[in-house]
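Peer 1: Have a look at this prediction, sequence included:
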Amino acid sequence: MATLDQKSPNVLLQSLCCRITGKSEAEVAHQFQYAVRVIGSNYAPTIERDEFLVSEKIKKELLKQRREADAALFSELHRKLQTQSVLKHRWSVLYLLLSLSEDPRKPSSRVGNYGALFAQALPRDAHSTPFYCTRPQSLALGYGERSAGLSASVGTSGISSLGVYTLNGPTPTPQSLLAGQPPQSAAGGGQPLGSRLAWTLPVSCSPSSALALPATRPLLGPPVPSTRVVRPRRDGEVSEAALVRDILYVFQGIDGKFIKMSAQDNCYKIDSKVVLCKSLRDTSSRLAELGWLHNKVRKYTDARSLDRAFGLVGQSFCASLHQELKEYYRLLSVLHSQLQVEDEQGVNVCTESSLTLRRLLVWMYDPKVRLKTLAALVDFCQGRKGGELASAVHSYGKTGDPHMRALVQHILSLVSHPILNFLYRWIYDGELEDTYHEFFVASDPNVKTDRLWHDKYSLRKSMIPSFITMDQARKVLLIGKSINFLHQVCHDRTPPAKITPASKSADTPKDAAELLSDLEGAFQEKIDAAYFDTSKYLLDVLNRNYLLLEHLQAMRRYLLLGQGDFIRHLMDLLKPELVRPATTLYQHNLTGILETAVRATNAQFDNAEILKRLDVRLLEVSPGDTGWDVFSLDYHVDGPIATVFTRECMGHYLRVFNFLWRAKRMEYTLTDIWKGQMCNAKLLKTMPELSGVLHQCHILASEMVHFIHQMQYYITFEVLECSWDELWNKVQQAQDLDHIIAAHDVFLDTIISRCLLDNNSRSLLNQLRAIFDQIIEFQSAQDSLYRSALEELTLRLQYEEKKRQREGEVGQDSGVQGNHTKDARLQEQPSIIRLLKSSPFHIFVLFSFSFFQSIVQQFLVLLMTNSDESLRFLSFRLDFNEHYRAREPRLRASLGASRGRRLSNI
């Protein structure tokens with residue numbers, strides 16, 4: 001055992017000190033303690049391990065000495081050295097050369113003797129920022145025991161507490177460190193007392209060591225500080241020890257004997273009657289700021305901790321502040337214990353190991369910075385709660401100070417923990433238990449089930465944390481909304497865990513911190529996975545169980561007149577009914593005709609679920625309306641599909657159907673007009689006096705047919721087909737139900753706008769309705785003409801027949817009989833001239849031609865000035881041969897000119 005003791009690190013180090021100084025073991029006690037501290041210290045060069053910076057500093061030193069050639073040579077040699085792989089630690093070599101080049105006689109601007117600075121009663125590990133105990137492998141010296149003691153006092157929030165063993169108390173030098181004495185254990189535990197004190201004891205901390213110090217400066221260790229000259233105090237002047245005691249109370253927000261809180265100035269101030277030198281007064285005022293900062297944070301936590309309406313996020317914020325204050329109190333308890341030890345042992349304040357204001361100023365620098373950060377957070381978070389509070393904390397993490405950033409990140413991990421728990425329960429279970437309205441997803445319990453998707457859930461934009469993007473928030477809303485929609489509207493009982501597997505949630509603040517550190521990675525992946533799985537399952541349920549896409553196609557076929565054979569046959573069957581007054585119609589009769597049309601056309605092959613929803617609807621009747629004006633098809637929607645086909649959407653479909661039905665009726669009417677003209681053309685050739693009127697009728701009918709055909713082409717292909725193709729492509733590519741609803745709304749808005757049914761096209765629609773009314777009046781007048789003309793033709797044929805019969809009879813007195821026959825003919829046969837003049841058709845022919853052309857010209861002018869490009873091109877198709885342009889000067893402007901005028905007006 002003696003051999004082991006002789007070869008222990010302490011014995012070998014003490015022998016080395018004796019050999020270097022040439023003194024006995026009793027005389028090198030101080031040098032030995034200093035050597036142990038140096039070997040076990042964490043000191044490192046203050047310069048950063050950057051090869052480039054060191055090389056630049058060497059070149060600057062050479063340039064200061066006006067050695068430009070040597071600087072250039074050094075730069076070239078350093079460049080060549082970098083290309084070689086011989087040296088692995090080039091930075092160390094350059095730093096050594098730089099250190100050797102410094103003149104030791106030249107006073108340095110840096111603090112060179114760090115050992116002397118930190119040995120004077122400054123705790124070795126008195127940090128208030130996160131740190132980890134790391135040491136070189138070669139310096140053991142019982143560090144395992146010391147690190148174990150340290151780990152017990154390190155705070156989780158980052159403010160490291162100071163153990164009593166780290167402060168340099170006036171403990172006498174232990175005899176176990178002297179040569180020939182075996183090391184003894186500490187009284188309170190297994191840690192070697194000599195090893196522990198070797199870390200902490202300062203120079204001249206005990207009477208024995210003071211007596212052992214030689215009168216001359218030793219060769220090893222820092223210069224022995226000379227005894228400070230104590231400035232004589234004036235009468236009644238407060239001692240520094242009393243100020244230190246007051247400051248420790250002020251640190252806790254308690255008024256001291258000399259330093260008290262000034263309510264008027266809102267700060268701690270030294271009583272003006274206290275006699276004190278300016279330096280101590282200034283230092284005390286600087287230290288008293290910690291008490292003001294402490295009070296600010298403590299007042300906020302005390303007021304908010306009992307406020308239940310502050311919510312879980314707010315309580316987490318208060319808990320994080322309490323945790324920081326707890327670490328701060330641990331530091332203060334260590335300082336109090338040190339002061340108590342000094343009081344018990346009667347240490348003078350002027351000794352090198354006592355607590356002084358300057359030492360407190362150094363030690364409390366980091367806690368002061370942290371308290372300033374907490375106080376700033378408290379000010380910034382006033383009146384905020386929930387996600388808004390988390391955003392406020394997150395904004396303070398965007399700083400270049402790593403210690404402040406670590407503090408804010410730690411607080412943010414605690415604050416965001418409830419938010420992440422809300423989020424995971426929402427996206428994996430569809431549950432929303434937000435009693436204090438802290439989460440960014442809001443729920444309205446008054447909304448009924450049929451409006452669940454549209455109105456029940458929404459985003460509170462003010463509560464969206466700044467570390468969550470708007471796209472992520474929208475996906476989070478859709479995920480939970482889809483789960484509730486499946487359960488409450490679709491009545492799907494599939495557990496959410498089978499829809500999307502739940503990943504690990506943020507069970508602890510540590511998990512929340514890890515998640516927040518990778519918002520664009522793991523967090524985004526979790527959101528995306530739940531979003532895609534839930535949305536895909538919802539769309540599959542709607543398409544498989546509720547035939548969403550087939551209902552969408554049924555709207556196109558029936559309400560948008562896409563099923564041509566069905567619509568044509570339905571018009572043929574309904575014509576006898578719809579020409580009657582609207583008040584004489586009965587819905588059950590029209591429903592029977594609808595079923596007949598379905599059974600007689602390809603519509604019979606549609607799904608029975610589709611056909612049973614198709615029905616007849618009669619609009620509100622106005623005086624003078626016919627069946628054509630009030631008839632409409634209807635499509636009943638309920639359940640989940642009513643989420644896509646809302647009441648507003650069905651109202652749009654009804655408006656579009658009425659417009660298309662009226663346009664289809666014009667086409668149907670013009671077909672009947674053309675049939676009448678073709679059928680009666682040969683019969684009326686025997687009446688040459690009607691040729692002029694009939695020619696005008698043919699011309700007017702041709703213009704109407706051209707106009708209606710172009711309008712039908714525009715409506716069918718450029719509006720309905722193009723818009724439907726865009727809608728179908730978007731529906732096929734939709735990732736969630738919101739995409740389908742949005743695409744469907746855009747489809748309806750486009751149709752409403754391009755069919756002239758929006759507010760901006762009201763003047764165009766009025767002109768178009770006037771043209772439609774003119775076509776109906778023209779049909780009525782032409783039918784009246786043909787009836788009258790055919791009656792005339794019948795009378796003429798009867799007269800000719802009677803004439804032939806009378807010519808075959810042989811009779812006498814032929815002259816008298818001939819005159820009598822001529823008078824009878826004039827009485828029986830109405831004159832065609834009198835017929836035309838007395839018929840309303842004569843008036844119509846005189847004015848309708850010019851009137852129709854005038855309203856068409858006005859319609860074309862409105863089209864050319866419309867902002868929709870497709871409507872402007874419709875005007876060119878309607879007037880392809882410039883027939884109307886020649887009669888209307890406003891139509892002579894080209895498309896480019898009209899477009900240029902619009903842009904200039906804008």
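Peer 2: Yep, that arrived. Numbers count the residues shown, from 1 in each chain.
Peer 1: What is the neighbour count of residue 340?
Peer 2: Under the neighbour criterion other C-beta atoms under 10 Å, residue 340 is assigned a count of 11. C-betas here are computed from N, CA, C, even on glycine.
Peer 1: What separation do you get for it and residue 358?
Peer 2: Between residue 340 and residue 358 the distance, using C-beta to C-beta, to the nearest Å, works out to 21 Å.
Peer 1: same thing with residue 762?
Peer 2: Relative to residue 358, and taking C-beta to C-beta, residue 762 is found at 85 Å.
Peer 1: For stretch 239-247, list every residue counted as buried.
Peer 2: By neighbour count with 16 or more other C-beta atoms under 10 Å, stretch 239-247 contains the buried residues 240-241, 243-247.
Peer 1: could those residues go into TSV alongside secondary structure?
Peer 2: Putting the buried residues of stretch 239-247 into TSV (DSSP: H, G, I helix; E, B strand; the rest coil) gives the following:
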residue	secondary structure
240	helix
241	helix
243	helix
244	helix
245	helix
246	helix
247	helix
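Peer 1: what's the closest of these to residue 457?
Peer 2: The shortest gap between residue 457 and any of the buried residues of stretch 239-247 belongs to residue 247, at 55.2 Å (C-beta to C-beta).
Peer 1: Is the closest one in contact with residue 358, as I believe?
Peer 2: No: using C-beta atoms under 8 Å, residue 247 is not in contact with residue 358, being 11.7 Å away.
Peer 1: Among the buried residues of stretch 239-247, pick out the one closest to residue 497, please.
Peer 2: For residue 497, the nearest member of those is residue 247. The distance, counting by C-beta to C-beta, is 58.8 Å.
Peer 1: model confidence over whichever strand or helix holds residue 804, on average?
Peer 2: The secondary structure element spanning residue 804 is helix 762-808 (assigned by DSSP states H and E). Per-residue pLDDT values across helix 762-808 average out to 88.
Peer 1: next one: that helix to chain centre, how far?
Peer 2: Its chain's C-alpha centre lies 70 Å from the corresponding centre of helix 762-808 when counted by C-alpha atoms, centre = their mean, to the nearest Å.
Peer 1: do stretch 460-479 as well
Peer 2: Its chain's C-alpha centre lies 5 Å from the corresponding centre of stretch 460-479 when counted by C-alpha atoms, centre = their mean.
Peer 1: buried set for that stretch?
Peer 2: By neighbour count on 16+ other C-beta under 10 Å, the buried set for stretch 460-479 is 460, 463-465, 467-468, 472-473, 475-479.
Peer 1: Check stretch 788-805 too.
Peer 2: Per 16+ other C-beta under 10 Å, stretch 788-805 contains these buried residues: 788-789, 792-793.
Peer 1: okay if I get those as TSV plus distance to residue 614?
Peer 2: Output for the buried residues of stretch 788-805, formatted as TSV (distance: C-beta to C-beta, whole Å):
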residue	distance to residue 614
788	43
789	43
792	47
793	46
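Peer 1: now, among those residues, which is nearest to residue 563?
Peer 2: Nearest to residue 563 out of these is residue 789 (C-beta to C-beta; 38.8 Å).
Peer 1: Isn't the closest one up against residue 693?
Peer 2: No: in terms of C-beta under 8 Å, residue 789 does not count as a neighbour of residue 693; the distance is 9.2 Å.
Peer 1: So which of the buried residues of stretch 460-479 belong to helices?
Peer 2: Members of those lying in helices (criterion: DSSP state H): 472-473, 475-479.
Peer 1: ok, so of the residues you listed, who is nearest residue 321?
Peer 2: Taking C-beta to C-beta as the measure, residue 321 sits nearest to residue 473 out of these, at 27.3 Å.
Peer 1: Please report the distance of the residue found closest to the closest one once you drop the neighbours it is linked to in the chain from residue 453.
Peer 2: Once flanking residues are discounted, residue 473 sits nearest to residue 464: 4.9 Å by C-beta to C-beta, 6 or more residues apart in numbering. As judged by C-beta to C-beta, residue 464 and residue 453 stand 21 Å apart.
Peer 1: likewise residue 245?
Peer 2: Between residue 245 and residue 453 the distance, using C-beta to C-beta, works out to 68 Å.
Peer 1: re earlier: closest one to residue 59 out of the buried residues of stretch 788-805, please.
Peer 2: Within the buried residues of stretch 788-805, distances to residue 59 taken as C-beta to C-beta reach their minimum at residue 789, with 115.3 Å.
Peer 1: list the buried ones in the strand or helix carrying residue 527?
Peer 2: Taking DSSP H and E as the criterion, the element that holds residue 527 is helix 524-545. Residues 526-527, 530-531, 533-535, 537-539, 541-542 are the ones in helix 524-545 that count as buried (16+ other C-beta under 10 Å).
Peer 1: List the contacts of it.
Peer 2: Contacts made with helix 524-545 from outside it, assessed by C-beta atoms under 8 Å, 6 or more residues apart in numbering, are listed as 427-428, 472, 475-476, 478-479, 482-483, 485-486, 490, 492, 494, 499-500, 503, 548-549, 640-641, 734-737, 740.
Peer 1: and what of stretch 592-599?
Peer 2: 566, 569-570, 573-574, 577, 603-604, 611, 614-616, 633.
Peer 1: Distance check, residue 454 against residue 473.
Peer 2: Summarising the geometry, the distance separating residue 454 from residue 473, computed by C-beta to C-beta, is 18 Å.
Peer 1: Just give the number of residues close to residue 604.
Peer 2: By other C-beta under 10 Å, 12 other residues sit near residue 604.
Peer 1: again but with residue 457, I slipped
Peer 2: Residue 457 is flanked by 20 other residues according to other C-beta under 10 Å.
Peer 1: from what I can see the residue nearest to residue 473 touches residue 387, true?
Peer 2: Yes: with the criterion set as C-beta under 8 Å, residue 464 and residue 387 qualify as a contacting pair; they are 5.7 Å apart.
Peer 1: and for the two, which residues touch both?
Peer 2: residue 440.
Peer 1: related to what we said a few turns ago, reformat the buried residues of helix 524-545 as JSON lines; add distance to residue 31 and pLDDT.
Peer 2: Shown next, in JSON lines, are the buried residues of helix 524-545 (distance: C-beta to C-beta, whole Å; pLDDT from 0 to 100):
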{"residue": "526", "distance to residue 31": "61", "pLDDT": "89"}
{"residue": "527", "distance to residue 31": "64", "pLDDT": "91"}
{"residue": "530", "distance to residue 31": "68", "pLDDT": "93"}
{"residue": "531", "distance to residue 31": "70", "pLDDT": "94"}
{"residue": "533", "distance to residue 31": "72", "pLDDT": "93"}
{"residue": "534", "distance to residue 31": "74", "pLDDT": "95"}
{"residue": "535", "distance to residue 31": "76", "pLDDT": "95"}
{"residue": "537", "distance to residue 31": "78", "pLDDT": "95"}
{"residue": "538", "distance to residue 31": "80", "pLDDT": "95"}
{"residue": "539", "distance to residue 31": "82", "pLDDT": "96"}
{"residue": "541", "distance to residue 31": "84", "pLDDT": "95"}
{"residue": "542", "distance to residue 31": "86", "pLDDT": "95"}
